[in-house]
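Asker: would you be able to build a 3D model of this:
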Amino acid sequence: MNPKTRKQKCLPSSLSKKMDRKNKKKRKLSKSQEIIVASPTLTEIEVPRAIDVRKAMEKQNDVALFLAGKVISAVAKNSNFVFSTASINAVLTMAASTSGYDDLNAVFREIACVVLADGSKNGGPKIAVVNGVWMDQSLSLSPSSKDLLMNFFKANFFQVDFRSKAEQVRMEVNEWASNRSNGLINNLLPPGSVRKKDTDWIYGNALYFKGAWECKFDKSMTKDKDFHLLNGTSVSVPFMRSYEKQYITAYNGFKVLRLPYRAGRDDTNREFSMYFYLPNKKDGLGNLLERMTSTRGFLDNHIPSYKVEVGKFRIPKFKIEFGFEASKVFDDLELEVLLYQKVSIEIDEKGTKAFTFNAYVGSYLDAAPKPKKIDFVADHPFFFLIREDQTGTVLFAGQIFNPSKSS
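Answerer: Reported below is the predicted structural model:
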């Protein structure tokens, strides 16, 4: 059979969510009465008051790119990297919630209800969110604060003895993270991170995402090809291929690919996609990242809005894991806490699986003209992210320098 006759396995058009509706108004977010954070279903969710999440997330997305740039320059320069700004935001919001930050809680409520709702029962992405709070037994918590943590954030709440059993608590938190991630996230908190003298709280957030491509790749078309490294050598890795039209736009010096995920039958408020940012030059990712992190509104201003015919089209399969102490990277932001994150992500012909866990340990306190055909061959370092397009919420972001390595 001629390979060009092989098709990506696409959903029926009734389920396809096309971005061609560029000039149409954004759909309104749902409104409701009940908050469900740990894997809610879409039919159970309503939102008590309207918040301009889109406006809030525009700023959050700029912050997300800024933080990505910080992490890359500090601990992941010229190496594979992935992290979750959504998970960091969740754990910091939970830590600040008992201090009366109502606006933060309102934004979290809307994101939890719309973005982080589980859509797997209706054929959409599987999303699970689990929160945990460990508080020293010597401290007291007001009934309203405890109610906020347990009923609003749906957090597992534990009172523990940090003073005499700090190491035991550290191991319990790591076990909790491992159990919640089906063994994907292990040894999140390193030895010595939980100190008996000054640890009063640990806030944990686990976020799981599993999405199937709207148009799955034909596994028989996956072939090993060279991926070019910065040192001038190359490695042979499996590349997924397709001859179907794709959401691609060429800009000055780089291209952007959007791969939509399959949406649920009743999922009218959300559109998840994975984005690939590919510099034209094989060693151009550093300059592209500098441009992305320094340009306000970069993400919203560089979204492929229509499908184009493709010439050569290849993206590598990869599976990577990355963990770091975020508080050291962001020390100039004066967090005054210890913040750890570990993320695992895998993409293949079917879709994407990603898992992140955060632990906060603290004290009490310009597009080109539309081409007829376009190549997109991701055979050199590129940046990627997973985003919910209606609100603009970035769930995961990272970069690939060598897809043959897992870290």
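Asker: C-alpha from now on. contacts and neighbour counts both.
Answerer: Fine.
Asker: can you tell me the element the closest residue to residue 382 other than its chain neighbours falls in?
Answerer: In space, and not counting its chain neighbours, residue 382 is closest to residue 278: 5.0 Å by Cα to Cα, 6 or more residues apart in numbering. Using DSSP states H and E, residue 278 falls within strand 272-279.
Asker: also residue 265?
Answerer: Using DSSP H and E, no helix or strand contains residue 265.
Asker: relative to residue 266, how far out is the spatially closest residue to it that is not a sequence neighbour?
Answerer: In space, residue 265 comes closest to residue 122 once its chain neighbours are excluded; the distance is 5.4 Å by Cα to Cα, 6+ apart. Distance, residue 122 to residue 266, using Cα to Cα, to the nearest Å: 7 Å.
Asker: gap between the residue nearest to residue 382 and residue 389?
Answerer: 20 Å.
Asker: more crowded one of the two?
Answerer: For residue 278 versus residue 389, the count of surrounding residues by other Cα atoms under 10 Å is larger for residue 278: 25 against 21.
Asker: let me see the contact set for the more buried one.
Answerer: 254-256, 285, 378, 381-383 (Cα atoms under 8 Å, 6 or more residues apart in numbering).
Asker: what's the closest of these to residue 152?
Answerer: residue 383 (34.4 Å; Cα to Cα).
Asker: check contacts around that closest one.
Answerer: Neighbouring residues of residue 383 by Cα under 8 Å, 6+ apart: 276-278, 285, 289, 397-400.
Asker: and the residue nearest to residue 265, how far from residue 273?
Answerer: Taking Cα to Cα as the criterion, residue 122 is separated from residue 273 by 18 Å.
Asker: these two - which one has more neighbours?
Answerer: Higher neighbour count among residue 122 and residue 273: residue 273, with 21 against 16, using other Cα under 10 Å.
Asker: next SSE downstream of the helix or strand of the chain with the lowest mean pLDDT?
Answerer: Every helix and strand in the chain was compared by mean pLDDT, DSSP states H and E; the lowest is strand 9-10, with a mean of 62. Remark: after strand 9-10, the chain's next helix or strand is helix 53-75, criterion DSSP H and E.
Asker: after that following helix, which helix or strand is next?
Answerer: Downstream of helix 53-75, the first helix or strand assigned by DSSP H and E is strand 81-83.
Asker: contacting residues around that next one?
Answerer: Counting by Cα under 8 Å, 6+ apart, residues outside strand 81-83 touching it are 68, 72, 320-322, 341-345, 356, 396-400, 407.
Asker: can you pull the contacts of residue 325?
Answerer: Contacts of residue 325 (Cα under 8 Å, 6+ apart): 338-341.
Asker: how does it look with 10 Å?
Answerer: For residue 325, the contact set (Cα atoms under 10 Å, 6 or more residues apart in numbering) comprises 71, 75, 188-190, 193, 338-342, 358-360.
Asker: what is it paired to in the beta sheet?
Answerer: On the basis of DSSP bridges, residue 325 is bridged to residue 340.
Asker: any idea how far it is from residue 75?
Answerer: Residue 325 is 10 Å from residue 75, by Cα to Cα.
Asker: for stretch 393-407, measure first residue to last.
Answerer: Span of stretch 393-407 from end to end, Cα to Cα: 25 Å.
Asker: can we start the residue count at 57 from this point?
Answerer: Let's use 57 as the start, then, which means that last one is stretch 449-463.
Asker: mind listing what's buried in it?
Answerer: Using 16 or more other Cα atoms under 10 Å as the burial criterion, the residues of stretch 449-463 that qualify are 449-460, 463.
Asker: pLDDT on that stretch, on average?
Answerer: Average pLDDT, stretch 449-463: 92.
Asker: how close does residue 436 sit to residue 334?
Answerer: Note on residue 436: its distance to residue 334, by Cα to Cα, is 8 Å.
Asker: which neighbours do those two share?
Answerer: 340-341.
Asker: picking that back up, tell me which of the contacts of strand 137-139 fall in helices.
Answerer: Among the contacts of strand 137-139, DSSP state H puts 124, 128 in helices.
Asker: who's the residue nearest to residue 438 bridged to?
Answerer: Under the criterion used (DSSP bridges), residue 334 bridges to residue 311.
Asker: tell me the pLDDT at it?
Answerer: 98.
Asker: about what we covered before: and the buried residues of stretch 449-463, which two are the farthest apart?
Answerer: Between all members of these, the longest pairwise span (Cα to Cα) is found for 449 and 460 and amounts to 28.8 Å.
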